[in-house]
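In: Quick one, structure for this:
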Amino acid sequence: MKFKNVAILTAGLFAAIQFSPPLFGEGYYESKRKAAEQGDAEAQFKLGDCYYKGLGVAKDRAEAVKWYRKAAEQGDAKALFKLGSCYYYGFGVAEDHAEANRWFCKAVELFRKSAEQGNAEAQYSLGECYSQGFGVEKDQAEAKRCFIKSTELFRKSAEQGDAKAQYRLGECYYYGKGVEKDRAEAVKWYRKAAEQGNAIAEALLGNCYAEEGNNAEADKWFRQSAEHGNATLQYLEGRLYAEGKGVAKDPVEAAKWWRKAAELGQSKAQCELGGCYAEGKGVAKDPVEAVKWWRKSAEQGLPEAQYELGSCYADGKGVAKDPVEAAKWWRKSAEKGHPKAQYELGCCYAKGNGITDSFEAVQWWRKSAEQGHPGAIAELKKLNLDVNARLPFSVRGLLWRINNSK
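Out: Sure, this is the predicted structure:
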């Protein structure tokens, strides 16, 4: 498959691949929660990551901190470092550099011990601590020494054929950590790992080719990464087929790739698959199945899916009609800035569908209208309110206008 516009795949792709968790199936979150609740420190850390990144569950930084803390208190080095980062940047907890440093110091101690035992990842993490001044005095010379040592350790394993070590060594060359930046050398090690079927390495190699403008090679490696379970690229492959970007439009093929990604918990793919079932694109029309996938996506916090799920409850499609439940999901979506949900939530407040508050109705219509929603603009015009005009001081007068505009 060839495509003319690689930008759809490369925009933000490198960061997405770099900081994504290990590839996981639909039951990943549930399995980690069960083990975490039984006191498994590694599972607690990974469950924290699920909440931190919104993987299989709605993103919740405060809940992430809770699980990172449980793992950290059992001495998990990665959790200690992540908890420190949360305090340092104020993610899920009030920003507190002193508290951040306390956790960083504990992480550094464990990283150092593991590094002394020849753990390459720990050595690299220790270098990051020295580079950023997390838990230790900032010391670029020491950071460089750690990166050099980690590179040596990665190289040792990479030369023995370890795929993860190979792509990690490639990253060292790509970023110039412990070695001089060398794109050709980075590509060499990415390729070695990719040729072993490592999905992350395949994506990183594809990214290098995309940056060079070599679309054919980029597509080849992106496709292989998708086939080996990279949910992000599976979702994007689906978009290529749905939009006909460089390939003939093929709704069946689009649905196939979205299903693969959806089953791995990719929220955007779940939302798209829901749309396929709702409209009968690439699959047989099935409102119940549409609700199923929109719900999975909505529960991970995707506003588009929350809006669609609210609409299903409002119309009774694929689920029993329930205006209160519709308003609940529209609110979740509206609070994330979705203009259609803001408009519908305004209508709920104005007409008493599940909730009633005429003043709130105007507030939500205004938010929607500011994003150009025609229905919201029309509602404000009925009330002789301009999108940018101040609300009248008389709430009684506003209520009268709304009640007489129905």
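In: ok now do Thr151, which residues does it touch?
Out: Contact analysis of Thr151 by CB atoms under 8 Å, 6 or more residues apart in numbering lists 169, 172, 177-179. Bear in mind the C-beta positions are built from the backbone N, C-alpha and C, glycine included.
In: again, only this time at 10 Å
Out: With contact taken as CB atoms under 10 Å, 6 or more residues apart in numbering, Thr151 is in contact with 120, 123-124, 127, 158, 168-169, 171-173, 177-179.
In: so which of those residues is the most crowded?
Out: Neighbour counts for those peak at Leu169, which has 31 neighbours (criterion: other CB atoms under 10 Å).
In: For Pro374, grab phi and psi.
Out: phi -60, psi -40 (degrees, to the nearest 10).
In: Please name the residues that touch it.
Out: By CB under 10 Å, 6+ apart, the neighbours of Pro374 are 339, 343, 368.
In: What pLDDT does the model give it?
Out: Pro374 is assigned a pLDDT of 95 by the prediction.
In: got it, and Ser20?
Out: 41.
In: ok, Glu109 touching Ala77?
Out: Yes: under the criterion of CB atoms under 10 Å, Glu109 makes contact with Ala77 at 8.6 Å.
In: Compare these two and say which is more crowded by neighbours.
Out: Remark: of Glu109 and Ala77, Ala77 carries more neighbours, 24 against 15, as counted by other CB under 10 Å.
In: which residue packs closest to that one, ignoring adjacent ones?
Out: Leu110 (3.8 Å; CB to CB, 6 or more residues apart in numbering).
In: mind listing what the one you found touches?
Out: Leu110 neighbours (CB under 10 Å, 6+ apart): 75-78, 80-81, 122, 125-126.
In: any idea which element it lies in?
Out: helix 97-116 (DSSP states H and E).
In: So which bits of that helix are buried?
Out: 99-101, 103-104, 106-108, 110-112, 114-115 (16 or more other CB atoms under 10 Å).
In: After it, heading C-terminal, what element do we hit next?
Out: By DSSP H and E, the next helix or strand past helix 97-116 is helix 120-132.
In: so that next one versus helix 97-116, what angle?
Out: Computed with axes from the mean of the first three to the mean of the last three CA atoms, to 10 degrees, the direction of helix 120-132 lies at 140 degrees from that of helix 97-116.
In: Could you check the angle the helix or strand just after helix 120-132 makes with helix 97-116?
Out: Note on helix 120-132: by DSSP H and E, the next helix or strand toward the C-terminus is helix 140-159. If you take the same axes, to 10 degrees, helix 140-159 sits at 40 degrees to helix 97-116.
In: can you tell me which of the contacts of Pro374 are in strands?
Out: Using DSSP state E, no member of the contacts of Pro374 falls within strands.
In: Pipe the buried residues of helix 97-116 into CSV and attach pLDDT per row.
Out: What follows is the buried residues of helix 97-116, written out as CSV (pLDDT from 0 to 100):
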residue, pLDDT
Glu99, 96
Ala100, 95
Asn101, 95
Trp103, 96
Phe104, 96
Lys106, 96
Ala107, 95
Val108, 96
Leu110, 95
Phe111, 95
Arg112, 95
Ser114, 95
Ala115, 94
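In: got JSON lines for those, with distance to Gln132 too?
Out: Output for these, formatted as JSON lines (distance: CB to CB, whole Å):
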{"residue": "Glu99", "distance to Gln132": "16"}
{"residue": "Ala100", "distance to Gln132": "11"}
{"residue": "Asn101", "distance to Gln132": "11"}
{"residue": "Trp103", "distance to Gln132": "14"}
{"residue": "Phe104", "distance to Gln132": "9"}
{"residue": "Lys106", "distance to Gln132": "16"}
{"residue": "Ala107", "distance to Gln132": "12"}
{"residue": "Val108", "distance to Gln132": "11"}
{"residue": "Leu110", "distance to Gln132": "17"}
{"residue": "Phe111", "distance to Gln132": "13"}
{"residue": "Arg112", "distance to Gln132": "16"}
{"residue": "Ser114", "distance to Gln132": "18"}
{"residue": "Ala115", "distance to Gln132": "16"}
